[in-house]
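**Q** Return a 3D structure for these sequence lines:
(one chain, ligands or ions: 1)
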Amino acid sequence: MKNNKKLVENFELDEAATQLLDALEKENNRVKDFLINSYKGLPVSLEMKEEAYNYFLNNSVILTAMTTNPGSSVFTEFLYDRVSSSSSIDNYVLQCKNGRAVHARLVAIEKELPKIIEEYRSKNDNVLIGNLGSGPGRDIINVFSTHYRNASNIRAVSIDKDVNALRRGRVMAKVQKVDHLIDFCEGNFFKYDSPDKFDILLLIGVLCPLDTETCINILKMAKRFLKKGGCLIASNVTKKMEKEDPFAYFIMKWLASWSLVFKDEEELKKIYEKAGYAWKEGFRDSYGFHLMGIGAPIF
Ligand SMILES: C[S@@+](CC[C@H](N)C(=O)[O-])C[C@H]1O[C@@H](n2cnc3c(N)ncnc32)[C@H](O)[C@@H]1O
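**A** Sure, this is the predicted structure:
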């Protein structure tokens with residue numbers, strides 16, 4: 001077997017990318033060559049572009065789901081589940097740093113959210129959590145099933161425009177025996193009319209592809225859902241992701257035209273401040289690829 005690391009010697013490819021190229025070399029060498037040339041910015045024929053695109057979609061359930069709807073939670077749920085696959089491409093998506101970091105984001109939220117919830121439980125009789133763009137809302141489901149299954153003073157509302165994600169969330173919540181604590185609400189969060197204000201509002205995996213102005217508008221809109229003294233936890237991809245796993249990002253852009261707006265702490269802090277929040281702090285996943293900001297609305 002040739003060492004694919006050498007083939008792309010101008011580029012640093014990590015273990016996961018090297019394994020993908022080694023597998024493609026056996027499965028379809030033309031596709032492997034296309035991927036390397038395309039990544040290097042060398043000319044590639046339209047025929048080869050079409051062949052490689054079809055090859056990726058025919059051989060990857062995960063990337064097909066992503067290409068069909070890049071912002072959908074179906075993609076992130078694959079990364080949370082991490083079920084091993086016989087597809088070398090799907091295995092790459094699960095093993096690459098970007099893929100692992102999405103799972104690590106969930107782990108970080110599951111670790112930090114209970115601490116924040118406890119702060120509010122120590123001050124308030126009841127704690128209400130909102131999850132905007134929740135997908136199935138696995139983060140809250142997991143936190144509730146681990147810590148609050150029998151609690152009587154905590155509830156959550158998961159809001160998403162994707163009816164299938166919410167249907168999946170209802171099943172997950174039932175399986176984990178926390179369905180009595182969570183409401184699932186279908187709709188565009190811009191139009192959500194909240195009967196109650198939230199102590200804690202999550203906005204995870206929503207801002208990443210959006211420019212600064214759009215993020216500011218979303219955070220401004222979210223203020224009306226929060227109680228005085230409440231907090232917004234919003235995530236964004238950091239520049240470390242772009243720097244440390246450009247190959248995975250290149251594949252996402254090529255297949256799904258999915259581009260991200262990487263923001264570091266200073267940028268996310270400015271977004272919070274311009275939207276009328278006092279920035280408190282941020283926490284990251286273990287790869288440092290996702291930053292979760294925490295800010296309190298100023299009324
Ligand atoms: C990448 S998924 C993230 C899901 C979940 N928050 C997580 O961390 O796994 C983004 C979700 O935001 C939802 N979404 C995006 N814009 C929305 C809007 N305006 N109203 C409601 N949901 C929205 C999408 O339907 C999708 O389920």
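
**Q** From now on I want contacts and neighbour counts done on CA atoms only, so please keep to that.
**A** Fine.

**Q** what's around Glu213, how many residues?
**A** Neighbour count of Glu213, defined by other CA atoms under 10 Å: 12.

**Q** Please read the previous query as pertaining to Glu12.
**A** 15.

**Q** Can you tell me the centre-most residue of the protein?
**A** The chain has Gly205 as the residue nearest its centroid, 3.9 Å off, counting by CA atoms, centre = their mean.

**Q** If the closest residue to that residue other than its chain neighbours is in a bridge, with which residues?
**A** Among residues not flanking Gly205 along the chain, Ser235 sits closest, at 6.0 Å (CA to CA, 6 or more residues apart in numbering). Note on Ser235: beta-bridge partners by DSSP bridges are Met292.

**Q** Just the buried residues of the helix or strand harbouring Lys174, please?
**A** In the assignment (DSSP states H and E), Lys174 maps to helix 163-175. For helix 163-175, a neighbour-count test (16 or more other CA atoms under 10 Å) marks 163, 165-166, 169-170, 172-173 as buried.

**Q** helices or strands up against it?
**A** Packing contacts for helix 163-175, counted by 3 or more CA pairs under 8 Å, 6 or more residues apart in numbering; DSSP states H and E, involve helix 138-143, strand 182-186.

**Q** quick one, it and strand 182-186 angle?
**A** If you take axes from the mean of the first three to the mean of the last three CA atoms, to 10 degrees, helix 163-175 sits at 170 degrees to strand 182-186.

**Q** Can you show me the strands along this protein?
**A** Ranges of strands in the chain, per DSSP state E, are 127-132, 154-160, 182-186, 198-203, 226-237, 277-284, 290-297.

**Q** Show me what counts as buried in the longest helix seen in the chain.
**A** Using DSSP state H, we find that the single longest helix of the chain is helix 97-123. For helix 97-123, the neighbour count (16+ other CA under 10 Å) marks 97-110, 113-114, 117, 120-121 as buried.

**Q** What about Lys191, how many residues nearby?
**A** Neighbours of Lys191 under the rule other CA under 10 Å: 8.

**Q** In terms of pLDDT, where does it sit?
**A** pLDDT for Lys191: 93.

**Q** quick one, what contacts it?
**A** Contacts for Lys191 (CA atoms under 8 Å, 6 or more residues apart in numbering) come out as none.

**Q** So which residues on the stretch 1-150 of the chain come close to the ligand?
**A** The stretch 1-150 of the chain comes close to the ligand at residues 71-73, 76, 133-135, as judged by CA under 6 Å from any ligand atom.

**Q** Okay, buried residues for stretch 64-83 please.
**A** By neighbour count on 16+ other CA under 10 Å, the buried set for stretch 64-83 is 64-67, 70-80, 82.

**Q** Tell me the one among these nearest to Lys270.
**A** Gly71 (24.1 Å; CA to CA).

**Q** Might you report the residue contacts of that closest one?
**A** Counting by CA under 8 Å, 6+ apart, Gly71 touches Val206.

**Q** Name the stretch among the helices and strands packed on helix 163-175 that sits most buried.
**A** Stretch with highest mean neighbour count among the helices and strands packed on helix 163-175: helix 138-143 (a mean of 22; mean count of other CA atoms under 10 Å).

**Q** which helices and strands sit right next to that helix?
**A** Partner elements for helix 138-143 (3+ CA pairs under 8 Å, 6+ apart): helix 97-123, helix 163-175.
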